[in-house]
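Undergrad: Could you look at this predicted model? Sequence included:
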Amino acid sequence: MTNKKSKKNDEFEIQLSEEDLKLKSNLELLAERVQDNDTKIQKQSLISIRDIIKTATGSMTSIPKPLKFLMPHYQTLKTHFSNMTNKANEDLFADVLSCLAMTNPDPNARETLHFKLVSKIKEIGTWGHEYIKHLSGELAAEWDIRKEKKEQVKDLEELTHQLVQFDMKHNQEPDACDLLLETEQLELIVPYCDENNFGRVCNYLIAASQFLPEPEDSQTLLIVYKIFTHMKKWAHSLRIAIKLNDMKLIEEVFESCKDNLEKKQLCFLMGRQLIAVETEDEELEEIMNNSKISEYFHTLIDDLELNEPRTVEEIYKLGDEERRQRLEKNVDSAKQNLATTFVNAFVHAGFGTDTIMVEDGNRWLHRNKEHGKMSAAASLGMILLWDVDDGLSQIDKFLYSKDDNIKAGALLSSGMINVGVRSECDPVMALISDYLDPDDDEDEEEEESIGGEKEKKNVTPKMKTGGAIALGMAYAGSAREDIFELLSIVIEDPDLPIETVAQACLSLGMVYVGTGESQCTSLILKTFYELSEEALNDTNIRYMALGMGLINLGLQEKIEMTLEAVEAIPKPAGDYVAMTLETCAYAGTGNVLKIQKILHTIIKDLEREKIEVEKREEERKKQENEGTYEKESEENRKKRTEKKDKEREFLSVGVIGLALIGFSEDIGSEMMLRQMNHLLQYGLSPVRRAVPLALGLLCMSNPSILVIETLSRLSHDNDSAVAHAAILAMGLVGAGTTNARIGQLLRQLAQYYAKEPNHLFLVRISQGLLYLGKGTLALSPFYSDGFLLHRVAVGGILAVLYSALDMKQTILGSLHYNLYWLVSAIFPKMLLTVDENLERIKTSVRVGQAVDVVGQAGQPRTITGFQTHCSPVLLGFGERAELSVKEFIPLSPVLEGIVILKKNENFKNKNEKKKKK
């Protein structure tokens, strides 16, 4: 063995150059002298070794030569150090050994850290960046062990300070953040942040927070908030406060900001999230109330020259032959007229003009039948979206109608006009309260509503349904007590049908979304307890469950008490409510444990079904052998299947919940897309029927090619419920994008399902969604570069998805008006730049695909493949904008929505420079 080793050493030495051999022999000599009893010789040798290691060069894949040559001597030097009686050179010796310990192959030894703690030399940058990284890793591991054993960590804390200081000075911000996250001392980063590095630190911590469990994610974002506040970056601070859903922090930012122009930008950001803060400044209040959103949107469509209304034929893109066939057949199907109503509303949303409703709405209304008139009248609200001043006067005429459905549609329309817009005079409240509160008889003879209605005793349940939804839309996210009182009158009325009560519960959830208000949750729970067995099996129960879920949206473990109370609700309704509550509570968190729990529930039911099938098969064989077997009738089999599907309907909610929990970041979305493929392949019917809707939620207004092709395949599925869901999901995925591929697929489906009214109805709805706002609007609940989640938008989208879980009784039945809940998620996907007086500025803007620059050194480009446009511009999913000239400074950290530009005082035009020359 020794001969073999000596041969290998000889071969290694032969391969070394003359210079390397000289270095090797020199280091071996120094290693021997370090063990000398003379302290002067020992010190000189240690200094020489230190200098040689410091000046050595290495690469990412190779060890520096001095360390390689000293590696065989490490154990000998370590033994000598431990036996050393003269401690004169102890600190220097320990420092050198700390560096040599990096060559130790045992990761659990942590000798680099051990010798560094022994040494009193405070300078830690002597050995370079690789040493610092190695030391940080060992320190984090040692920290965990000591904390577990409950030992003191004061010496580690001191070393942590030194390491963080070194990292921050040498542009290694991610390393500093990682170390502090590992040692649970993240607050130490704040004093080390300055004008040059705070941006990189905060971007890294924000990205890291997405992968941290609760409550560490919130604590990390709170540190980011402190850094931004410390640097007086108020718009950045506000984004973090909104992300944390903390009204105290939002108010603190607003009060701390003293610059009036910056305050205006803060108000635009708060208005987007429907947040209101008390202020005496009328201009700031007007911005927060989104009073000018209609005006800004019309600026965009004027600039893009999209004012001309489009006919249904243009939207459907029918050829001459198809038009001729339609005229010959002269088909005036109520179903297709209803589809045309929705398509017209979606395409002209916010435009204030169209071809069928605005000018002569009465004529079109009567081409719809019964409940269809409600949606037709309500469509005017979507066309006049955000136009509070002129919109309410235009719906006034429908409130005089003798048809209850038209009146209900007009009331619903009033709520849609006011979505996201607040007004001091509260016109919707004044109008709806007359219909929902029959006891409010004060000055009844003198007082008139906008529509002149006085006969309150004749208010029908349908009108109360329209009024309740209107309140939910107009005051979503406001958490107002007077709205609660009005809706509670409807919810507690025992004479009203379950449809009206359920819609009032959903509206209550929208008004108190994400607040966790116990009074609202208790009211809905009480209503559940009082329902009869028949009512608990009604399809409208889904809206009551969703209302409770929205109240607790994003509250995570705070819902434990509510979940216990839900157990008292009889099954299967109890399972449905519990699943809704749990998935809503963890919306957008990416919580892996909850995802695993839901998947386990789905798999458990699948296994149970297999056991039942096997039992039925055994029973059949047994009966055949005995000669008593009778084949089950088709009717009985269908009833048994429907009953099973009803019991397992909560699994559909679980599938949508998977998408809801994991859709907040790219990795989570990608993993969920993979899971959906597995569920499609192996899942039971209720699971398969929800998968297309979950795909729609994962890729809302983001037409991913893989998802489009999957939905296209599912749109021809044998199960009509799966096909229905896939067709609607195609519209949601392409909403507002005018995607050519989806448009082509939908036209093909319109021909394929020409004789299937239900399928064709959904194809038309999807076509309307595809051209939402003629391509200027989007449904995505994420904004501000995908960082912030709009809770109200999530509520509106979920209302439609939950309706689609039982398409035949809701959207394809008499509850089609629930499609209008999408209005809560509609918003212009624009960038509009304004000056200090909020007047529009035209400036050059680069728009391209967003690039993740977290952790990258220097100032890398944040967009790629960009094109230069003049604002206002449209921003697609995953696109980012930046100013192409330095003439202006944006007051918003993200160029999206309404952005105020301030003149750059240091900017000098090239033409001015030429003139001076």
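TA: Arrived safely, thanks for sending. Given the structure is predicted, the values throughout are model-derived calculations rather than measurements.

Undergrad: Low-confidence bits of the stretch 551-700 of the chain, can you list those?
TA: Where the stretch 551-700 of the chain drops to pLDDT under 70, the residues are 613, 620, 624, 627, 629-630, 632-634, 636-640.

Undergrad: and if we set it to 50?
TA: Counting by pLDDT under 50, the stretch 551-700 of the chain shows no low-confidence range.

Undergrad: now the helices for it?
TA: Ranges of helices in the stretch 551-700 of the chain, per DSSP state H, counting those that start in this stretch, are 560-566, 573-585, 592-626, 634-647, 649-662, 666-682, 685-698.

Undergrad: quick one: which of those is nearest F346?
TA: helix 685-698 (15.2 Å; Cβ to Cβ). (C-beta placed from N, C-alpha, C; glycine too.)

Undergrad: how about the residue nearest to K886 when sequence neighbours are not counted, secondary structure?
TA: With Cβ to Cβ, 6 or more residues apart in numbering as the criterion, K886 has its nearest non-adjacent residue at 5.2 Å, and that residue is F907. Three-state call for F907 (DSSP: H, G, I helix; E, B strand; the rest coil): coil.

Undergrad: doesn't L901 make contact with F907?
TA: No. Using Cβ atoms under 8 Å, F907 is not in contact with L901; the gap is 11.6 Å.

Undergrad: In terms of packing, which of these two has more residues around it?
TA: Between F907 and L901, counted using other Cβ atoms under 10 Å, the more crowded position is L901 (21 against 12).

Undergrad: Quickly find the element holding the more buried one.
TA: L901 is part of strand 897-903, with elements assigned from DSSP states H and E.

Undergrad: For stretch 153-172, buried residues please.
TA: Neighbour-count burial for stretch 153-172 flags 153, 156, 159-160, 162-168, 172 (criterion: 16 or more other Cβ atoms under 10 Å).

Undergrad: Kindly reformat these as a markdown table containing distance to M288, pLDDT and secondary structure.
TA: What follows is those, written out as a markdown table (distance: Cβ to Cβ, whole Å; pLDDT from 0 to 100; DSSP: H, G, I helix; E, B strand; the rest coil):
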| residue | distance to M288 | pLDDT | secondary structure |
| --- | --- | --- | --- |
| V153 | 47 | 84 | coil |
| L156 | 47 | 88 | helix |
| L159 | 48 | 89 | helix |
| T160 | 43 | 90 | helix |
| Q162 | 46 | 90 | helix |
| L163 | 44 | 91 | helix |
| V164 | 39 | 91 | helix |
| Q165 | 42 | 90 | helix |
| F166 | 45 | 90 | helix |
| D167 | 41 | 90 | helix |
| M168 | 37 | 89 | helix |
| Q172 | 41 | 89 | coil |
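
Undergrad: I'd like to know which of those is nearest to R422.
TA: M168 (44.1 Å).

Undergrad: circling back to that earlier point, format the helices of the stretch 551-700 of the chain as JSON lines; extra columns: mean neighbour count and distance to E123.
TA: Output for the helices of the stretch 551-700 of the chain, formatted as JSON lines (neighbours: other Cβ atoms under 10 Å; distance: least, Cβ to Cβ, whole Å):
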{"stretch": "helix 560-566", "mean neighbour count": "15", "distance to E123": "52"}
{"stretch": "helix 573-585", "mean neighbour count": "24", "distance to E123": "51"}
{"stretch": "helix 592-626", "mean neighbour count": "13", "distance to E123": "42"}
{"stretch": "helix 634-647", "mean neighbour count": "12", "distance to E123": "70"}
{"stretch": "helix 649-662", "mean neighbour count": "27", "distance to E123": "47"}
{"stretch": "helix 666-682", "mean neighbour count": "16", "distance to E123": "40"}
{"stretch": "helix 685-698", "mean neighbour count": "26", "distance to E123": "52"}
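
Undergrad: Ok, which of those comes nearest L553?
TA: Among those, helix 573-585 sits nearest to L553 (Cβ to Cβ), with 5.0 Å.

Undergrad: Tell me, how many residues neighbour F198?
TA: Neighbours of F198 (other Cβ under 10 Å): 21.

Undergrad: go on, the one 5 residues further on?
TA: Burial of N203, expressed as a neighbour count using other Cβ under 10 Å, amounts to 18.

Undergrad: residues making contact with the strand or helix carrying L205?
TA: Using DSSP H and E, L205 maps to helix 198-209. Residues from elsewhere that reach helix 198-209 (Cβ atoms under 8 Å, 6 or more residues apart in numbering): 171, 173-174, 176-177, 181, 186, 189, 193, 216-217, 220-221, 223-224, 227-228, 230-231, 233, 236, 240, 787, 853-855.

Undergrad: Please name every helix or strand in contact with the helix or strand that comes right after that helix.
TA: Note on helix 198-209: by DSSP H and E, the next helix or strand toward the C-terminus is helix 216-230. Contacts defined by 3 or more Cβ pairs under 8 Å, 6 or more residues apart in numbering; DSSP states H and E place helix 216-230 against helix 198-209, helix 234-244, helix 247-256.

Undergrad: Need the pLDDT of N3.
TA: At N3 the predicted local confidence, pLDDT, stands at 53.

Undergrad: same thing with N344?
TA: 92.

Undergrad: Centre of the chain to the helix or strand harbouring it, how far?
TA: Using DSSP H and E, N344 maps to helix 334-347. Relative to its parent chain, helix 334-347 has a centroid offset of 30 Å by Cα atoms, centre = their mean, to the nearest Å.

Undergrad: One more: stretch 355-370?
TA: That offset, for stretch 355-370, works out to 38 Å (Cα atoms, centre = their mean).

Undergrad: and the strand holding L901, which residues are buried?
TA: Result for strand 897-903 [16+ other Cβ under 10 Å]: buried residues 897-901.

Undergrad: Given it, what are its sheet partners and their directions?
TA: Strand 897-903 has its sheet partners listed here by DSSP bridges as strand 830-834 (parallel), strand 888-890 (antiparallel).

Undergrad: before we move on, back to that, please tabulate the buried residues of strand 897-903 in CSV, including the columns pLDDT and distance to G654.
TA: Formatted as CSV, those follow (pLDDT from 0 to 100; distance: Cβ to Cβ, whole Å):
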residue, pLDDT, distance to G654
G897, 91, 34
I898, 93, 39
V899, 94, 40
I900, 93, 44
L901, 93, 47
